[in-house]
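K.L.:
only geometry, no sequence info:
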């Protein structure tokens, strides 16, 4: 009887040890699988990933097509015409500097809010420039960039943010009608090597201190702001403006 119990106990112990070893092995596999999936997600947001580059190429292509389609409908028109054609505004950015007023609309092609039209208004509130921008164009690298900048700049005024994060001189300084925030815009193209033109936007609350950071990529456009941004080609300039015959100014 004792021998039978000892044999059963031995079997249970062996089974427990085997299952523990299996669980440890599966745990390591789970960690490995998580690491591989995380790496794949990271690469999906990087410029060097072929899939990401292909998607971005397609996105840039449709943005250029949209720009050619919509410029003839918008250039020279009062901003009320854009309200009729594009629907409710996302935001209106009024300048604290010498630049244009910027009016933001959701892209007619992309209703998820990732891409949007940016219309540049002259002093008479007529449209003289059209750009198409995309939030977090490079995916995870952009999200991490924004989080790191927010950590570095949180509760600092614009001048201290520029110095702490080494952002240089801002491109634009505007007030947001939608949020009430002051938004200061910098050229951030060089942060992700080989990336297309990109802006970093720091938002400052009523107390004048940084409370939010956003990153956007420029998909298309040839207005004054787009032409101030660093474009990663040998000449360091954006593509030639769309000609009047093709719907430009």
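P.N.:
Arrived safely. A quick note: this is a predicted structure, and the numbers were derived from the prediction, not measured. Numbering: from 1, shown residues only.

K.L.:
quick one: low-confidence parts of this structure?
P.N.:
Low-confidence segments of the chain, defined by pLDDT under 70, are located at 1-59, 111-113, 192-195, 231-249.

K.L.:
can you list the domains in it?
P.N.:
The domain map for the chain lists 1-44, 50-234, with the assignment taken from automatic domain parsing.

K.L.:
Tell me where the protein has strands.
P.N.:
Residue ranges of the strands in the chain, as given by DSSP state E, are 91-95, 101-106, 115-121, 127-135, 172-176, 182-187, 198-204, 210-221.

K.L.:
circling back: ok, and which of the domains of the chain has the densest surroundings?
P.N.:
Across the domains of the chain, averaging neighbours per residue (mean count of other CB atoms under 10 Å) puts domain 50-234 on top, at a mean of 17. Placement of C-beta: from N, CA and C, glycine included.

K.L.:
which residue sits closest to residue 211, ignoring its sequence neighbours?
P.N.:
Sequence neighbours aside, residue 205 is the residue nearest to residue 211 in space, at 4.6 Å (criterion: CB to CB, 6 or more residues apart in numbering).

K.L.:
no wait, residue 229
P.N.:
Nearest one to residue 229, counting by CB to CB, 6+ apart, is residue 197 at 4.4 Å.

K.L.:
same question, residue 214
P.N.:
If the residues on either side of it in the chain are set aside, residue 214 comes closest to residue 201, at 4.4 Å by CB to CB, 6+ apart.

K.L.:
quick one: the one you found and residue 215 touch, right?
P.N.:
Yes. In this structure, residue 201 sits in contact with residue 215. The criterion is CB atoms under 8 Å, and the distance is 7.3 Å.

K.L.:
of all the strands of the chain, which lies closest to residue 60?
P.N.:
Within the strands of the chain, the stretch nearest residue 60 is strand 210-221; the backing value is 5.6 Å (CB to CB).

K.L.:
The closest one pairs with which strands?
P.N.:
For strand 210-221, the paired strands and their directions (DSSP bridges) are strand 127-135 (antiparallel), strand 198-204 (antiparallel).

K.L.:
quick revisit: show me the contacts for the residue nearest to residue 214.
P.N.:
Going by CB atoms under 8 Å, 6 or more residues apart in numbering, residue 201 touches 183-186, 213-216.

K.L.:
I'd like to know which of these is nearest to residue 154.
P.N.:
Comparing the contacts of residue 201 against residue 154 with CB to CB picks out residue 213 as the nearest, at 8.7 Å.
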